[in-house]
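A.B. asks: A predicted structure for the sequence below; I have some questions about it.
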Amino acid sequence: MASPNGGVTTYDYDDSDSAAPVRAQTIEELHSLQRKAATTTKDGASPLQSISASLASLAREYGPNLVKGDPEAKVAAPVPVKHQQPSAIIAASDSSLKFTHVLYNLSPAELYEQAFGQKKSSFITSTGALATLSGAKTGRSPRDKRVVKDETTEKELWWGKGSPNIEMDERQFVINRERALDYLNSLDKVYVNDQFLNWDPENRIKVRIITSRAYHALFMHNMCIRPTEEELETFGTPDFTIYNAGEFPANRYANYMTSSTSINISLARREMVILGTQYAGEMKKGLFGVMHYLMPKRGILSLHSGCNMGKEGDVALFFGLSGTGKTTLSTDHNRLLIGDDEHCWSDNGVSNIEGGCYAKCIDLSQEKEPDIWNAIKFGTVLENVVFNERTREVDYADKSITENTRAAYPIEFIPNALIPCVGPHPKNVILLACDAYGVLPPVSKLNLAQTMYHFISGYTAIVAGTEDGIKEPTATFSACFGAAFIMYHPTKYAAMLAEKMQKYGATGWLVNTGWSGGRYGVGSRIKLPYTRKIIDAIHSGELLTANYKKTEVFGLEIPTGIDGVPSEILDPVNTWTDKAAYKETLLKLAGLFKNNFEVFASYKIGDDSSLTDQILAAGPNF
Ligand SMILES: Nc1ncnc2c1ncn2[C@@H]1O[C@H](COP(=O)(O)OP(=O)(O)O)[C@@H](O)[C@H]1O
Ligand SMILES: C=C(OP(=O)(O)O)C(=O)O
Ligand SMILES: [Ca+2]
Ligand SMILES: [Mn+2]
């Protein structure tokens, strides 16, 4: 009788195990049957060659020896493809004799397995997410960011007081780059992701992320736009490359370095080097800075904002500093999500830069934020959360590691995401100001000059944990609601925003997602359900036709009533029991606005000098 595995004749024993035997002679063969080979690229060597070039030292003649696939994979291992090297070259150092395995664009399942093999800190939670730790740094380190100042960037970029761009020179950049590369090339394996930024096909940017940690690769898989198999085949050379050697420290004695953490950007080389921090947000926000450089050169405005669209095609932008409500408020069950954090506004409308969302999840509740809650499942990265050791249920209230706990998931995990993530010109531009002083109204309608005044001021709070060293909400002025990420002077972005808002007739709003009834510590955070009702009234048009009154000092137009919101909270004076303290705090804040704006007073906003005058007059009067 012919056996199912063909050719081999077996005889009937009186054996109870009468099922057909598996098509394997050995246990290894059996294991190899478990996994069906994935379709590989037509020309397997081509991405490896471009990766080898990426990982090459600038000082040595050729790059490291690269092999595809996991060194641990004994079964069905991909065929090693050695990088082409001139055969006559004699290895200059031991490091060039050694192989580094490249794990290229792995799937989430593969990255889970890699993460478990790599760190004791990676676990599956009860809903299937990958919980992990980012190490000593659990927020961004803006004081450790350096940008190469050369002849071009010296003229182009915003430098000096208030600017996020702290200079370094080209030579120190390549020294740090070499340090990162030597570290990465010393490892047995590195993870490489080739992905895209920007859903606008005409302005798509190709990015490569090289990292030592599987969780970083999964994070970027979720956060950037994922290429199809065909797009990977023709990917070619990336437009921008991140070398994430965050597990390895920077040299504190090097020029321009002040700590062992260093985030280095060279716009000329189109590269970013990360040393001494594993906080994943550093990569996504670093790339955002690059987009803030590249896009305005093409007449496209880059925005630190969330974005969603109503059923009628009405688009809203939500500008806000980290942790002040972009993700929470743009994720709205009644609207289509275009993106939660980074967008472009071009002549064609809006487009999301990213392929995923990065939600703060401290105190996350299923009831208040159901869509984010449900997105935390297999494939999602959970950074720095605490969970029950046995049930693996996450305790979202636990701040023992940080208050900046985060979930990163692909945008498709939100059921009403709009794919591709593009939309028409915005109708409403909402500025989220998280007021730690508790004196700004929950909502005000702004005219264009006021919108520009508040956009340039960027008054809000840095919330606990989002930046290194911040322990409680701290009042700040962050130009364009994202000063840490912009590259040019704020008035360049403001002029573009004014032009676009005017051209497309968008209305500006100031929404306080912070405190009410007293400053932080005395009053309380405005309730999320009320903020949602306010946002609903903006979207529906209800607030365009409402009755308004003007506040003293700031001259803000506030509505007298909104469906579902207690009317008395709309004017903040009503929520303070100590009226004298309210007035004093209001004047104090107005003074801070005035001081902050002084540096901008000498700049013209765009070509319109009458708009500049109106903007200067749109601040507080006292
Ligand atoms: N009134 C409010 N409006 C918006 N967010 C609020 C409000 N009250 C509390 N929050 C909380 O503030 C945080 C906002 O974070 P998130 O939306 O992720 O910020 P961003 O996307 O701007 O970085 C969430 O944890 C949210 O639950
Ligand atoms: C990730 C960050 O912020 P956001 O919540 O705005 O994405 C950050 O500031 O590190
Ligand atoms: Ca090796
Ligand atoms: Mn966010």
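C.D. replies: Everything's here; your move. Ligands and ions are numbered 1, 2, ... in the order given.
A.B. asks: Every contact and neighbour count from this point should use C-alpha atoms.
C.D. replies: Noted.
A.B. asks: How many neighbouring residues does residue 183 have?
C.D. replies: Residues near residue 183, counting by other Cα atoms under 10 Å, number 18.
A.B. asks: give the contact list for it.
C.D. replies: 245, 248 (Cα atoms under 8 Å, 6 or more residues apart in numbering).
A.B. asks: So it: helix, strand or coil?
C.D. replies: Here residue 183 takes the helix state, with states given by DSSP: H, G, I helix; E, B strand; the rest coil.
A.B. asks: would you list every one of the strands in the stretch 1-150 of the chain?
C.D. replies: When assigned using DSSP state E, counting those that start in this stretch, the strands of the stretch 1-150 of the chain occupy the ranges 65-68, 99-104, 123-124, 130-132, 145-148.
A.B. asks: Just give me the residue right at the centre of the protein.
C.D. replies: Relative to the mean C-alpha position of the chain, the nearest C-alpha, by Cα atoms, centre = their mean, is the one of residue 284, at 4.0 Å.
A.B. asks: Beyond the helix or strand that residue falls within, next helix or strand please.
C.D. replies: Secondary structure assignment for residue 284, by DSSP states H and E: helix 281-297. Going down the chain from helix 281-297, the next helix or strand is strand 301-303, by DSSP H and E.
A.B. asks: Okay, now the sheet partners of the next helix-or-strand element following that next one, with direction.
C.D. replies: Downstream of strand 301-303, the next assigned helix or strand under DSSP H and E is strand 305-309. Strand 305-309 has these partner strands in its sheet, going by DSSP bridges: strand 315-319 (antiparallel), strand 336-339 (antiparallel).
A.B. asks: chain center to the longest one: distance?
C.D. replies: Spelled out, it's strand 315-319. Between the mean C-alpha point of strand 315-319 and the mean C-alpha point of its chain there is a distance of 17 Å (Cα atoms, centre = their mean, to the nearest Å).
A.B. asks: State the number of residues packed around the residue in the chain positioned nearest to ligand 2.
C.D. replies: Minimum separation of the chain from ligand 2 (Cα to the nearest ligand atom) falls at residue 322, amounting to 3.4 Å. Around residue 322 sit 21 other residues, with neighbours defined as other Cα under 10 Å.
A.B. asks: Is it in contact with residue 463, as I believe?
C.D. replies: Yes - under the contact definition of Cα atoms under 8 Å, residue 322 touches residue 463, with a separation of 7.5 Å.
A.B. asks: mind putting the strands of the stretch 1-150 of the chain in a markdown table, distance to ligand 1, mean pLDDT and mean neighbour count included?
C.D. replies: Listed next are these as a markdown table, based on distance: least, Cα to the nearest ligand atom, whole Å; pLDDT from 0 to 100; neighbours: other Cα atoms under 10 Å:
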| stretch | distance to ligand 1 | mean pLDDT | mean neighbour count |
| --- | --- | --- | --- |
| strand 65-68 | 37 | 85 | 23 |
| strand 99-104 | 30 | 93 | 22 |
| strand 123-124 | 22 | 98 | 20 |
| strand 130-132 | 18 | 98 | 25 |
| strand 145-148 | 19 | 98 | 23 |
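A.B. asks: and residue 373, which of those is closest to it?
C.D. replies: Between residue 373 and the strands of the stretch 1-150 of the chain, the tightest spacing by Cα to Cα is seen for strand 130-132, at 14.4 Å.
A.B. asks: for the record, mean pLDDT for stretch 476-484?
C.D. replies: Here the mean pLDDT over stretch 476-484 is 97, rounded to a whole number.
A.B. asks: What parts of the protein come near ligand 1?
C.D. replies: Counting by Cα under 6 Å from any ligand atom, the residues of the chain lying close to ligand 1 are 320-328, 359-362, 513, 525-528, 531.
A.B. asks: can you rerun that using 8 Å?
C.D. replies: Counting by Cα under 8 Å from any ligand atom, the residues of the chain close to ligand 1 are 305-306, 319-329, 340-341, 358-364, 368-369, 512-514, 525-532.
A.B. asks: Among those, name the buried ones.
C.D. replies: Buried residues within those, defined by neighbour count using 16 or more other Cα atoms under 10 Å: 305-306, 319-329, 340-341, 358-362, 364, 369, 512-514, 525-526, 528, 530-532.
A.B. asks: Helices of the stretch 451-600 of the chain, start to end?
C.D. replies: Using DSSP state H, counting those that start in this stretch, the helices of the stretch 451-600 of the chain run over 490-504, 528-540, 579-597.
A.B. asks: Quick one: the ones you listed as TSV, columns for mean pLDDT too.
C.D. replies: Below are those laid out as TSV (pLDDT from 0 to 100):
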stretch	mean pLDDT
helix 490-504	97
helix 528-540	98
helix 579-597	96
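A.B. asks: Those: which one's closest to ligand 3?
C.D. replies: For those, proximity to ligand 3 was assessed by Cα to the ion; helix 490-504 is nearest, at 46.2 Å.
A.B. asks: which residue packs closest to the residue of the stretch 201-350 of the chain found nearest ligand 3, ignoring adjacent ones?
C.D. replies: For the stretch 201-350 of the chain, the nearest residue to ligand 3 under the criterion Cα to the ion is residue 212, separated by 12.8 Å. Distance criterion Cα to Cα, 6 or more residues apart in numbering; nearest residue to residue 212, sequence neighbours excluded, is residue 190 at 5.0 Å.
A.B. asks: hang on, that neighbour is in a strand, isn't it?
C.D. replies: Yes - the assignment for residue 190 (three-state DSSP) places it in a strand.
A.B. asks: OK, contacts around it?
C.D. replies: By Cα under 8 Å, 6+ apart, the residues touching residue 190 are 100-103, 184, 210-213.
A.B. asks: Tell me, how many residues neighbour residue 578?
C.D. replies: Residue 578, neighbours per other Cα under 10 Å, totals 12.
A.B. asks: Also residue 371?
C.D. replies: So residue 371, with other Cα under 10 Å, has 18 neighbours.
A.B. asks: Let me know the pLDDT of it.
C.D. replies: For residue 371, the pLDDT comes out at 97.
A.B. asks: Under the pLDDT cut-off, which ranges of the stretch 301-450 of the chain? List them.
C.D. replies: With pLDDT under 70 as the threshold, the stretch 301-450 of the chain has no low-confidence stretch at all.
A.B. asks: residue ranges of the strands in it, please?
C.D. replies: So, for the stretch 301-450 of the chain - with DSSP E, counting those that start in this stretch - the strands run 301-303, 305-309, 315-319, 336-339, 343-346, 349-352, 356-360, 381-383, 386-387, 394-395, 406-410, 422-423, 426-433, 443-446.
A.B. asks: Let's have these in a markdown table, adding distance to ligand 3.
C.D. replies: Converted to a markdown table, the strands of the stretch 301-450 of the chain look like this (distance: least, Cα to the ion, whole Å):
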| stretch | distance to ligand 3 |
| --- | --- |
| strand 301-303 | 41 |
| strand 305-309 | 42 |
| strand 315-319 | 45 |
| strand 336-339 | 39 |
| strand 343-346 | 40 |
| strand 349-352 | 38 |
| strand 356-360 | 32 |
| strand 381-383 | 27 |
| strand 386-387 | 34 |
| strand 394-395 | 36 |
| strand 406-410 | 30 |
| strand 422-423 | 43 |
| strand 426-433 | 49 |
| strand 443-446 | 58 |
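A.B. asks: okay, the ones you listed in CSV with distance to residue 172 next?
C.D. replies: Shown next, in CSV, are the strands of the stretch 301-450 of the chain (distance: least, Cα to Cα, whole Å):
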stretch, distance to residue 172
strand 301-303, 29
strand 305-309, 33
strand 315-319, 35
strand 336-339, 36
strand 343-346, 32
strand 349-352, 34
strand 356-360, 32
strand 381-383, 31
strand 386-387, 39
strand 394-395, 42
strand 406-410, 32
strand 422-423, 39
strand 426-433, 38
strand 443-446, 46
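A.B. asks: Nearest to residue 180, out of these?
C.D. replies: Between residue 180 and those, the tightest spacing by Cα to Cα is seen for strand 381-383, at 23.3 Å.
A.B. asks: Run me through the strand neighbours of the closest one, direction for each.
C.D. replies: Within its sheet, strand 381-383 is paired with strand 130-132 (parallel), strand 406-410 (antiparallel), according to DSSP bridges.
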